[in-house]
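A.B. asks: I'd like to go over a predicted model; first the sequence, then the structure.
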Amino acid sequence: MSLVAVKKVKNKFAKRALKHKRLGSQQALDPIAALRKKYDKLIPKKPISAYHLFIADDSNQNKAREALKDYDRHAMDTSTSQQAKLADMWKSLTPTERAPYERWYTKETLVFEKKNQVWQKTEAFRKIDLLESKQKEARMSEKRAKKDAEEKEIQELLEGGVVAKPGRGLLEGRTAIITGVQSPESLNGKEVSLEKFVRVSDSNGNSTERWIVKPVDTIAVDPAWPQTMRAQPSNLIWTVLAKQAKKEEEARKQARQREKEEALKKERREIEKAARDKLREEEEALKKVQRDIDKIAKAEENEAHRLLRESELQAVKDAHKALQDSAKEQRRNAEIAARAVKENQEGLQRAIKEATKAAFRVFEGKTTAKPITSEMSAEMADAECLD
């Protein structure tokens, strides 16, 4: 075997070894990516959308380029790029013009779903799915642990207060808010990323600590400022700590506001209750006064009825007495008349007796008959009237 052939074989085996080494390191770093690469031919690919199929069409791209040339000549189109022009062209398509792209997408989607159902039943899919579930759970656990640790650190740094003190919680990769800078003052309140913590010696040999920082929002930063600055830890507040302090302060303000509102509500309830009680007492007093008035009116009405009954009774009594007096008077008159009649009868009877006696004496001749006087005639006439 020639030397050239030996070198080719060595290079072949070296490339293969390097390939296996890279694959092994990739599997160690990202086993899911390694498995996906291994089973790439088995994993079904999602079809591109109807829109992306439209913009990938060469004829449509040519039309867009031609339209942009017309725009340069006539300034009639607002599109300034090929992608924007293609997007405008897609929006302007009618349903009939979109139909071929959408039919293709629907057909490819059905094919993908069938292939995906077959893929999901394979052992390779289960391996990848299991690894993805574990990786997702591990990331969530790591995220929760990191969040819990950060919250614990924040609470320790805040020390139960709401003031974020500078220089606390500063680590590489974190962001901070500049504060307390006298020149230029416009830097205060700007957010910067913490790149590196260094020690700097001055002309006298004294070492000081500085953070190398970069602006987070490069657009809002004054162009005159350097892209990289050195800041003292006492002029930097950890962004998360500042936000948490602001949140705590806001929460305390809201709590105080709620307490004030609750106190106002309680005071309002007490005032309303006192007003209701007072109104109830006034209503009860009015009802009592009304009852007393009704009672007095009823008593007066009863008294009036009593007086009316008494006056009516007195009138009846007076009338009865008058009737009684009249009856007594009539009775007396009747008695007087009866006595007069009786006396007249008695006188008549005596006269009759005397007359009878006189008649007997005349018939018997024992005595002479007495002549009938005028008085006797009158008595006889009264007796006949009475009969």
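C.D. replies: Cool, got the structure. This one's a predicted model, so the numbers in the text were calculated from it and none came from an experiment. Numbering: from 1, shown residues only.

A.B. asks: disregarding residues adjacent in the polypeptide, which is nearest to Trp104?
C.D. replies: Beyond its immediate neighbours in the sequence, the residue positioned closest to Trp104 (C-beta to C-beta, 6 or more residues apart in numbering) is Leu53, lying 6.3 Å away. No exception for glycine: its C-beta is placed from N, CA and C like everyone else's.

A.B. asks: hang on, that neighbour in a helix?
C.D. replies: Yes - counting by DSSP: H, G, I helix; E, B strand; the rest coil, Leu53 is part of a helix.

A.B. asks: that one contacts Tyr105, correct?
C.D. replies: Yes - between Leu53 and Tyr105 a contact is recorded at 6.7 Å, counting by C-beta atoms under 8 Å.

A.B. asks: Leu86: neighbour count?
C.D. replies: The number of residues packed around Leu86, counting by other C-beta atoms under 10 Å, is 22.

A.B. asks: which residues are in contact with the residue nearest to Trp104?
C.D. replies: The contact partners of Leu53, taken as C-beta atoms under 8 Å, 6 or more residues apart in numbering, are Tyr101, Trp104, Tyr105.

A.B. asks: mind running it again at 10 Å?
C.D. replies: Shown here is Leu53, whose contacts under the criterion C-beta atoms under 10 Å, 6 or more residues apart in numbering are Pro47, Asn60, Pro100, Tyr101, Glu102, Trp104, Tyr105, Glu108.

A.B. asks: JSON lines for these, including secondary structure, neighbour count and distance to Pro233?
C.D. replies: Output for the contacts of Leu53, formatted as JSON lines (DSSP: H, G, I helix; E, B strand; the rest coil; neighbours: other C-beta atoms under 10 Å; distance: C-beta to C-beta, whole Å):
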{"residue": "Pro47", "secondary structure": "coil", "neighbour count": "17", "distance to Pro233": "55"}
{"residue": "Asn60", "secondary structure": "helix", "neighbour count": "18", "distance to Pro233": "57"}
{"residue": "Pro100", "secondary structure": "helix", "neighbour count": "12", "distance to Pro233": "64"}
{"residue": "Tyr101", "secondary structure": "helix", "neighbour count": "19", "distance to Pro233": "59"}
{"residue": "Glu102", "secondary structure": "helix", "neighbour count": "15", "distance to Pro233": "60"}
{"residue": "Trp104", "secondary structure": "helix", "neighbour count": "14", "distance to Pro233": "61"}
{"residue": "Tyr105", "secondary structure": "helix", "neighbour count": "17", "distance to Pro233": "57"}
{"residue": "Glu108", "secondary structure": "helix", "neighbour count": "17", "distance to Pro233": "58"}
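
A.B. asks: how about the helices in the protein?
C.D. replies: Secondary structure of the chain (DSSP state H): helices located at 3-29, 31-38, 50-56, 58-74, 82-91, 95-119, 123-158, 239-364, 374-386.

A.B. asks: put together JSON lines for those, with distance to Ser201 and mean pLDDT on each row.
C.D. replies: Listed next are these as JSON lines, based on distance: least, C-beta to C-beta, whole Å; pLDDT from 0 to 100:
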{"stretch": "helix 3-29", "distance to Ser201": "41", "mean pLDDT": "51"}
{"stretch": "helix 31-38", "distance to Ser201": "47", "mean pLDDT": "85"}
{"stretch": "helix 50-56", "distance to Ser201": "58", "mean pLDDT": "88"}
{"stretch": "helix 58-74", "distance to Ser201": "59", "mean pLDDT": "75"}
{"stretch": "helix 82-91", "distance to Ser201": "53", "mean pLDDT": "88"}
{"stretch": "helix 95-119", "distance to Ser201": "63", "mean pLDDT": "92"}
{"stretch": "helix 123-158", "distance to Ser201": "29", "mean pLDDT": "85"}
{"stretch": "helix 239-364", "distance to Ser201": "29", "mean pLDDT": "86"}
{"stretch": "helix 374-386", "distance to Ser201": "176", "mean pLDDT": "54"}
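
A.B. asks: mind putting those into JSON lines with distance to Ser203?
C.D. replies: Listed next are those as JSON lines, based on distance: least, C-beta to C-beta, whole Å:
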{"stretch": "helix 3-29", "distance to Ser203": "48"}
{"stretch": "helix 31-38", "distance to Ser203": "53"}
{"stretch": "helix 50-56", "distance to Ser203": "62"}
{"stretch": "helix 58-74", "distance to Ser203": "60"}
{"stretch": "helix 82-91", "distance to Ser203": "56"}
{"stretch": "helix 95-119", "distance to Ser203": "70"}
{"stretch": "helix 123-158", "distance to Ser203": "34"}
{"stretch": "helix 239-364", "distance to Ser203": "33"}
{"stretch": "helix 374-386", "distance to Ser203": "177"}
